[in-house]
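> Need the 3D shape of this:
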Amino acid sequence: LSQVMTQERVAGAAGGIALADTRHRPDAGVFLARYSAFLPQAGSSAGDRADLPGEATVYRRDLLMGYPDLVLRGFWEVRFHERLRAEGWSLRFLPAQLAEFTGRPGLVAFAQQRCKHATEYGSSRVRDWGEPPWRVLFRAPAVPAVLVGRIVWRCMENPWGRRALPWGLAPLVLYSLAWAIGEVLGAFRASARR
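Now for the predicted structure:
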């Protein structure tokens, strides 16, 4: 990673993430929900991405500290990535396995985290993008199906993903429902604040 970070205009880099133990259902579900877009890919070359997993990414600190308005709001990688890319910086994904996911909080704790993150996302859709809250509500029933479908599709094309699917699919559905609920809550909170 350090060699990649010295390249010109690279703000952050991360590698593929594999699941340590596929048999623990909540962990497999968390892995699918959070890291399915970053599965190791043998034989693939490094490339730029629009997004990387913040907790498994090496960043140039000087760049992140250059956004004091974002730093004060807490680290949410999505906001930093948007700003970095808008200023011409790239985020590099190295598809070889560089990290291993070994577990997170339990089923309920991660469902709550998903809901909380989605609340922020739903808020930003109304506050920053001008989307009406009724549209977020109208789309909410389709959100879990879209999220689960996208993740399953990704995993079917990757051996690490295929191993996690049988164990993680049930909790993944719960996490996707929590996300949909959070989006709606956030949208209506942002609307009420206006």
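
> Give me the pLDDT for Arg79.
pLDDT recorded at Arg79 is 88.

> Which strands and helices lie in contact with the strand or helix carrying Leu84?
In the assignment (DSSP states H and E), Leu84 maps to helix 77-86. If you count contacts as 3 or more CB pairs under 8 Å, 6 or more residues apart in numbering; DSSP states H and E, helix 77-86 packs onto strand 10-19, helix 68-72, strand 90-101. Any C-beta I mention is one placed from the backbone N, CA and C, and that applies to glycine too.

> Tell me, how many residues neighbour Gly161?
The number of residues packed near Gly161 is 23, by other CB atoms under 10 Å.

> check which helix or strand covers it.
Using DSSP H and E, Gly161 sits in helix 159-193.

> What is that helix packed up against?
strand 10-19, helix 25-35, helix 107-127, helix 133-139, helix 143-156.

> Now render the helices and strands packed on helix 77-86 as TSV, adding mean neighbour count and distance to Cys155.
Shown next, in TSV, are the helices and strands packed on helix 77-86 (neighbours: other CB atoms under 10 Å; distance: least, CB to CB, whole Å):
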stretch	mean neighbour count	distance to Cys155
strand 10-19	23	11
helix 68-72	10	32
strand 90-101	18	14
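
> so can I have CSV of these showing distance to Pro40 and mean pLDDT?
Formatted as CSV, the helices and strands packed on helix 77-86 follow (distance: least, CB to CB, whole Å; pLDDT from 0 to 100):
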stretch, distance to Pro40, mean pLDDT
strand 10-19, 3, 92
helix 68-72, 30, 89
strand 90-101, 4, 88
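
> wait, which of these is closest to Ala46?
Evaluated over the helices and strands packed on helix 77-86, closeness to Ala46 peaks at strand 90-101, with 4.8 Å, by CB to CB.

> List the contacts of the closest one.
With CB atoms under 8 Å, 6 or more residues apart in numbering as the test, strand 90-101 has contacts from 1, 4, 7, 9-20, 27, 30-31, 35, 38, 40-42, 44-52, 56-57, 81, 84-85.
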